[in-house]
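In: Give me coordinates for this.
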Amino acid sequence: MTFKNNFFKPTMINKEYVILDMIENDCNITQRKMSQAISIAVSMVNNYLDYFEKDKLIKRVRRSTKVVQYYITKRGSERKKILNIEYLKNCLQLYNSAKVIIHTYLNRIEEQGHKNILLYGAGEVCEIFLQTMKLFNYDLKILGILDDDVNKIGLSMFGWRVLNPKDIFKFDFDGILITSYTHQENIKKKLIEYNVSEKLILTFFDNKFIGAYI
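Out: Numbers count the residues shown, from 1 in each chain. Next up is the predicted model:
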């Protein structure tokens, strides 16, 4: 299955994997669609396909002067699996690096005296925070998770329920950790409107902090 890659640079090996994956999923895929998927010229896609065909990773079947079908070979499928493993290894390295940064950050806010915190933002960042907290022993206690998305409210994340931000004052907290990059400023503004002291608003995506550990 082809997935959207918004992070890793589109290297040659990445392009190779994406093209093979697209061909395996759709033999009628056009060179133009391939070029759009990896942001290169159609002529460059054709160069890749020539190389793949020469290396017996794919075979082309010309149905007409304008219609060409592409099929991945057994050799090509094996090559794609190898590339996929390499991709997953890189993803895992990045994920583990993120956990180290989060672990360092959690230690820092513990040192600042925060013990009972709420998390605001029930997305991927929140998941990594929760998983990291399960790996290490912290004095920090998570009271709950807040999110503005009505479709997430009521759901559970690793045993913690996602709550409406309006429930914020039902808790005796000494910190609210914003676990959203995209909406960090809007969340901070909303918390201030709720009369939450800025001293209690914890922002992970702080350039000074992140820059010190990456």
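
In: Can you pull out the residues in contact with the helix or strand residue 177 falls within?
Out: According to DSSP states H and E, residue 177 maps onto strand 175-178. Residues from elsewhere that reach strand 175-178 (Cβ atoms under 8 Å, 6 or more residues apart in numbering): 109, 114, 116-121, 129, 146, 168, 184, 187-188, 191, 196, 200-205. For every residue, glycine as well, the C-beta is placed using N, CA and C.

In: Any buried residues in stretch 175-191, and which?
Out: 175-180, 183-184, 187-188, 190-191 (16 or more other Cβ atoms under 10 Å).

In: actually stretch 32-40, sorry about that
Out: Counting neighbours by 16+ other Cβ under 10 Å, stretch 32-40 gives 34-35, 37-38, 40 as buried.

In: CA atoms only for that stretch - export them in PDB, please.
Out: Output of stretch 32-40 as PDB, limited to C-alpha atoms (Å, rounded to 0.1, in the frame of the first residue of the first chain):
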ATOM      1  CA  ARG A  32       2.500  11.200 -15.200                       C
ATOM      2  CA  LYS A  33       0.900   9.900 -11.900                       C
ATOM      3  CA  MET A  34       4.200   8.500 -10.900                       C
ATOM      4  CA  SER A  35       5.900  11.800 -11.600                       C
ATOM      5  CA  GLN A  36       3.300  13.600  -9.500                       C
ATOM      6  CA  ALA A  37       3.700  11.200  -6.600                       C
ATOM      7  CA  ILE A  38       7.500  11.700  -6.300                       C
ATOM      8  CA  SER A  39       7.700  15.200  -7.700                       C
ATOM      9  CA  ILE A  40      10.000  14.600 -10.600                       C
END
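
In: Let me have the buried residues of stretch 175-191 in TSV, adding distance to residue 104 as columns.
Out: Supplementary listing: these in TSV, determined by distance: Cβ to Cβ, whole Å:
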residue	distance to residue 104
175	17
176	20
177	14
178	17
179	16
180	19
183	23
184	19
187	22
188	22
190	27
191	24
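
In: on that earlier part again, go through the contacts of strand 175-178 and flag which are in strands.
Out: The strands, defined by DSSP state E, take in 116-120, 146, 201-203 from the contacts of strand 175-178.

In: Would you mind listing the two of the buried residues of stretch 175-191 that lie farthest apart?
Out: Greatest spatial distance among those (Cβ to Cβ): 175 and 183, at 18.2 Å.
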